[in-house]
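> Sharing a sequence plus its predicted fold:
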Amino acid sequence: MKWLLMLSCALLPALAHGQAAYPSKTIRLVVPFPPAGATDILSRDLMQRVSARIGQQVVVDNRPGAGGTIGSDLVAKSAPDGYTVLMGPSGPMTINPATYSKLRYSPTRDFAPISMICSFPLIVAVDAALPVRSVKELIDYARANPAKSNYASSAGIFQIATEMFKQRTRTAIEMIPYKSSGESVQALISHQVMLTIVDPPPAAGPMKAGSIRGLAVTSSTRHPSWPELPTMAEAGVPDMEVPVWTAFFAPAKTPAAVIARLQREVARVVQTAEVKERFAGMGIDPVGGSAEDLGRQVERDIARWTAVAKAANIKND
């Protein structure tokens with residue numbers, strides 16, 4: 001009995017050191033969308049800074065497909081050791097549960113929230129060659145030209161936002177699917193589609209260059225990055241607030257100490273002056289915040305989007 005007590009005492013420092021050593025190897029960050037989209041752009045930019053703080057490399061692993069479900073499911077079924085984490089946009093975590101009747105993962109049961117990263121509005125943008133310079137003109141054009149009216153969408157959040165727009169404006173606009181928001185913007189530039197409601201990173205440059213035309217934002221107030229763009233309410237389409245966010249998640253049952261370490265580092269990085277400046281250039285607002293706050297946000301948004309998807313009869317199975 002005495003030797004067991006001595007062995008336990010000898011092992012305690014080693015165990016404590018092992019816990020404190022996290023991370024001791026490369027971390028894989030799964031991005032459930034293709035390269036060049038907003039989620040990928042954010043991931044690569046942010047991970048360079050997080051990697052410098054934790055002293056280990058963070059490798060971005062793009063696993064696109066099925067509206068973000070493939071990459072999300074991969075992380076949900078990964079070992080809960082902190083070495084595989086998810087860059088989880090609100091689409092796969094809150095829209096997919098509302099639009100897929102048989103989702104292979106549960107955002108509330110299969111994941112441990114880590115930290116919110118950022119939030120941002122969506123941008124309503126059109127082909128710059130289109131004779132449309134306001135949301136009202138877009139509505140009039142869509143009603144007058146139903147055969148020419150289509151929109152690009154690469155994820156559930158963009159689809160549900162556009163379907164809300166169609167409901168509230170009584171327009172018929174056909175969806176054309178693309179693999180990423182970057183591709184959706186390129187489709188607009190190349191005149192393949194009339195409209196896209198998209199996240200800011202891939203749209204900011206082309207809007208500034210005049211390749212596409214921004215008409216409005218889906219936030220409750222005008223965004224400082226584009227003060228000239230009205231909110232949808234100001235543009236005449238009420239109840240079109242669609243706030244979007246991106247956050248970090250780990251597999252469920254990941255140790256609390258690991259979650260706390262990752263949350264602390266992410267929250268610090270997104271509030272640095274360099275990241276705030278970088279985000280501002282893309283029209284993104286840094287958030288940070290606790291794991292508990294993120295968990296509550298997921299539950300609220302799932303309830304909201306489930307009601308919207310049911311009303312619009314959106315089914316992605």
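Done, it's in. Computed from a predicted model, the values in this text were never measured in an experiment. Numbering: from 1, shown residues only.
> for Met194, what are its contacts?
Applying CB atoms under 8 Å, 6 or more residues apart in numbering to Met194 gives the contacts 126-127, 130, 141-142, 148-151, 173. C-beta here means a position set from N, CA and C on the backbone, and glycine is covered the same way.
> With secondary structure and pLDDT as added columns, please give the residues you listed in a markdown table.
Shown next, in a markdown table, are the contacts of Met194 (DSSP: H, G, I helix; E, B strand; the rest coil; pLDDT from 0 to 100):
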| residue | secondary structure | pLDDT |
| --- | --- | --- |
| Val126 | strand | 98 |
| Asp127 | strand | 97 |
| Leu130 | coil | 96 |
| Tyr141 | helix | 98 |
| Ala142 | helix | 98 |
| Lys148 | helix | 94 |
| Ser149 | coil | 97 |
| Asn150 | strand | 98 |
| Tyr151 | strand | 98 |
| Ile173 | coil | 97 |
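> just the buried members of those?
Among these, those scoring as buried are 126-127, 130, 141-142, 149-151, 173 (criterion: 16 or more other CB atoms under 10 Å).
> Which one of the residues you listed is nearest to Arg261?
Set against Arg261, the nearest of the buried ones among the contacts of Met194 by CB to CB is Tyr151 (41.6 Å).
> Test of understanding: give the bridge partners of the closest residue in space to that closest one that isn't next to it in sequence.
Spatial nearest neighbour of Tyr151, excluding adjacent residues (CB to CB, 6 or more residues apart in numbering): Leu195 at 4.2 Å. Leu195 has these beta-bridge partners by DSSP bridges: Val126, Tyr151.
> Leu195 reaches Ile173, doesn't it?
Yes - Leu195 is within contact range of Ile173, at 6.5 Å (criterion: CB atoms under 8 Å).
> overlap in contacts of the two?
Here Leu195 and Ile173 have 142, 149-151, 162 as joint contacts, going by CB under 8 Å, 6+ apart.
> Pick out whichever of those residues sits closest to Leu86.
Comparing those against Leu86 with CB to CB places Thr162 closest, at 25.3 Å.
> Which per-residue confidence value corresponds to that closest one?
At Thr162, the model reports a pLDDT of 95.
> which ones are touching it?
Residues in contact with Thr162, defined by CB under 8 Å, 6+ apart, are 151, 153, 173, 175, 195, 197.
> Report the rounded mean pLDDT for the longest helix seen in the chain.
Longest among the helix segments of the chain by residue count, using DSSP state H, is helix 291-312. The pLDDT scores in helix 291-312 average 92.
> Show me where the stretch 101-250 of the chain has its strands.
For the stretch 101-250 of the chain, the strands identified by DSSP state E, counting those that start in this stretch occupy 111-120, 123-127, 150-153, 174-177, 195-198, 212-217, 244-251, in order along the chain.
> what's the most buried one of those strands?
Greatest average neighbour count among the strands of the stretch 101-250 of the chain goes to strand 195-198 (a mean of 30), per mean count of other CB atoms under 10 Å.
> which secondary structure elements does that one contact?
strand 123-127, strand 150-153, helix 156-169, helix 181-189 (3 or more CB pairs under 8 Å, 6 or more residues apart in numbering; DSSP states H and E).
> Tyr100 touches Ala309, doesn't it?
No - Tyr100 is beyond contact range of Ala309, at 9.6 Å (criterion: CB under 8 Å).
> Please identify every residue contacting each of the two.
Contacts common to Tyr100 and Ala309, judged by CB under 8 Å, 6+ apart, are Lys315.
> Find the centremost residue of this structure, please.
Nearest to the centroid of the C-alpha atoms of the chain, with distances taken as CA atoms, centre = their mean, sits Pro89, at 2.5 Å.
> Surely it is in contact with Pro201?
No - using CB under 8 Å, Pro89 is not in contact with Pro201, being 11.6 Å away.
> now the helices for the stretch 1-150 of the chain?
If DSSP state H, counting those that start in this stretch is used as the criterion, the helices of the stretch 1-150 of the chain fall at 2-20, 38-54, 69-76, 90, 96-99, 135-144.
> What's the mean pLDDT across the shortest one?
The average pLDDT for helix 90 rounds to 92.
> Quick check: which ranges of the chain have low pLDDT?
1-20, 317 (pLDDT under 70).
> Show me which of the shared contacts of Leu195 and Ile173 is closest to Gly82.
Ranked by distance to Gly82 (CB to CB), those are led by Thr162 at 37.0 Å.
> picking that back up, bridging residues for the residue nearest to the centre of the chain?
Beta bridges link Pro89 to Thr246, judged by DSSP bridges.
> what residues are up against it?
By CB under 8 Å, 6+ apart, the neighbours of Pro89 are 32-33, 39, 68, 155, 157, 244-247.
> got JSON lines for those, with distance to Tyr22 too?
JSON lines is the format used below for the contacts of Pro89 (distance: CB to CB, whole Å):
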{"residue": "Pro32", "distance to Tyr22": "24"}
{"residue": "Phe33", "distance to Tyr22": "27"}
{"residue": "Thr39", "distance to Tyr22": "25"}
{"residue": "Gly68", "distance to Tyr22": "27"}
{"residue": "Ala155", "distance to Tyr22": "32"}
{"residue": "Ile157", "distance to Tyr22": "32"}
{"residue": "Val244", "distance to Tyr22": "31"}
{"residue": "Trp245", "distance to Tyr22": "26"}
{"residue": "Thr246", "distance to Tyr22": "23"}
{"residue": "Ala247", "distance to Tyr22": "20"}
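> If anything else comes up later, I'll come back, but that's it for now.
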